[in-house]
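okay, here's the prediction I keep looking at, along with the sequence it came from:
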Amino acid sequence: MTTLPPLVEPAESLSKAEVERYSRHLIIPDVGMVGQKRLKNAKVLVIGAGGLGSPALLYLAAAGVGTLGILDFDMVDESNLQRQVIHGQSDVGKSKAVSAAESIAEINPFVEVRLHTVRLDSDNALEILGQYDLILDGTDNFATRYLVNDACVLLGKPYVWGSIFRFEGQVSLFWAEYGPQYRDLYPEPPPPGMVPSCAEGGVLGVLCASIGSVMVTEAIKLITGIGETLLGRLMVYDALEMTYRTVRIRKDPAAQPVTGLIDYEAFCGSVSPEGAEAAAGHTISALQLKQKIDARENFLLVDVREPNEYDIVHIPGSVLIPKGDIVSGEALSALPVDRPLVLHCKSGARSAEALAVLHKAGFTDAVHVGGGVLSWIKQVDPSLPTY
């Protein structure tokens, strides 16, 4: 068992109203008055007020964490409401950070909320994260995850990390001063396009509550100094099988030390060098695609998304051939050689990767649609649904 000291000192006192509000905590011997005072004195930053950030912020506020930071530059979208329970219908179009702060005020007026409505990057990460005792990372992209990890290593701060995809979630606590960091679990980011995001692959809405609540549980234990944390362990939850299991994580003795922040977008790369090279000079806009269709040009429009995405929305006249079938070579023999190919996906990343494969296979005049079906909806047919 990894015994960690309480993360913060207790606040001086709790008011009569706070004692009444937190009474169910206070009668737990392991928490008690001292533990609740530690929660009151804690400063916690939640990065992302989305799927994981929603339940995390709600329960951190309800638990009595005195200062909550919310970092999110995004706006509430209709597609968020299936899982991001801190927002409501009337919040669509509103800043996620502002919407989350309003919900927190309804839950617990004793919580001080600090808003950071900016994109986290290498220029501001140390200044923002340095204001807090503990970080909760609920982001959904590898560039930000490595940035958060490296900033916490440099600042000597612990952070709770969570990840979700479809029916599975993962949680761990990273603190380089006492145990492993994120780079010990994932030394290198996966190749671009290898791991789909939640926007591409989907996520069961209630999974966010399962993983977000575990993240908050870890935060409370760490702040108050009780129980055994997930430091040095990865918890994996499978909602379909309803199983929880833990995997041991150890420090990598050969790991290069973190000495500074880097360009994380370049480090992770949303598109591989091959995909970027293929797209250079072989990208058309959604409006150019519309012109080709209106001119009745003889080409094949190939949708490289997955069948369930195609069922949600597709460009009229497109043929579904998933990217995996192109990359594996399975679909190459079915593609016509007597007319040009135009590929598209949701936003342009997957079609760029498929385009690189086609160019190598001899389909050198193939192009793809920059921005994918989302650009088509925005620029050509706004009546179609987005996802």
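That came in fine, so what should we check first?

what about the strands in the stretch 201-350 of the chain?
With DSSP state E, counting those that start in this stretch as the criterion, the stretch 201-350 of the chain has strands at 233-238, 243-248, 283-284, 300-303, 319-320, 341-344.

what helices or strands is the fourth one leaning on?
Spelled out, that is strand 300-303. Secondary-structure packing of strand 300-303 (3 or more C-beta pairs under 8 Å, 6 or more residues apart in numbering; DSSP states H and E): strand 319-320, strand 341-344. Where C-beta positions appear, they are placed from N, C-alpha and C, glycine not excepted.

same list (those) but as a markdown table, adding mean neighbour count and distance to His25.
Output for those, formatted as a markdown table (neighbours: other C-beta atoms under 10 Å; distance: least, C-beta to C-beta, whole Å):
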| stretch | mean neighbour count | distance to His25 |
| --- | --- | --- |
| strand 319-320 | 14 | 53 |
| strand 341-344 | 26 | 53 |
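
now do the SS call for the closest residue to Ile86 other than its chain neighbours.
Using C-beta to C-beta, 6 or more residues apart in numbering and skipping the chain neighbours, the partner closest in space to Ile86 is Ser54 (3.9 Å). For Ser54, the assignment made with DSSP: H, G, I helix; E, B strand; the rest coil gives helix.

and for Ser54, the neighbour number?
Close neighbours of Ser54, defined as other C-beta atoms under 10 Å, add up to 26.

and it, what does it touch?
Contact analysis of Ser54 by C-beta atoms under 8 Å, 6 or more residues apart in numbering lists Arg83, Gln84, Val85, Ile86, His87, Ala100, Cys208, Gly212.

likewise Leu301?
Leu289, Ile293, Ile315, Gly317, Ser318, Val319, Val342, His344.

flag every buried residue along stretch 346-365.
Neighbour-count burial for stretch 346-365 flags 346-359, 363 (criterion: 16 or more other C-beta atoms under 10 Å).

got the CA positions of that stretch in CSV?
Taking C-alpha atoms only, stretch 346-365 is exported to CSV below (Å, rounded to 0.1, in the frame of the first residue of the first chain):
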residue,chain,number,x,y,z
LYS,A,346,-15.8,13.5,-40.6
SER,A,347,-13.2,16.2,-40.4
GLY,A,348,-10.4,15.3,-42.8
ALA,A,349,-7.8,13.3,-40.7
ARG,A,350,-8.9,9.8,-41.6
SER,A,351,-9.4,10.6,-45.3
ALA,A,352,-5.8,12.0,-45.4
GLU,A,353,-4.5,8.7,-44.1
ALA,A,354,-6.6,6.7,-46.6
LEU,A,355,-5.4,9.0,-49.3
ALA,A,356,-1.8,8.2,-48.6
VAL,A,357,-2.5,4.5,-49.0
LEU,A,358,-4.3,5.1,-52.3
HIS,A,359,-1.4,7.2,-53.7
LYS,A,360,1.0,4.4,-52.9
ALA,A,361,-1.3,1.9,-54.6
GLY,A,362,-1.2,3.9,-57.8
PHE,A,363,-4.4,6.1,-57.5
THR,A,364,-2.2,9.2,-57.8
ASP,A,365,-5.0,11.5,-58.9
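
what is the mean pLDDT for that stretch?
The pLDDT scores in stretch 346-365 average 93.

ramachandran coordinates for Lys16?
phi -60, psi -40 (degrees, to the nearest 10).

return the most buried member of the strands of the stretch 201-350 of the chain.
strand 341-344 (a mean of 26; mean count of other C-beta atoms under 10 Å).

neighbouring strands - and their directions - for that strand?
strand 300-303 (parallel), strand 367-369 (parallel) (DSSP bridges).

quick one: closest of those to Val337.
Counting by C-beta to C-beta, Val337 lies closest to strand 300-303 out of these; the figure is 10.6 Å.
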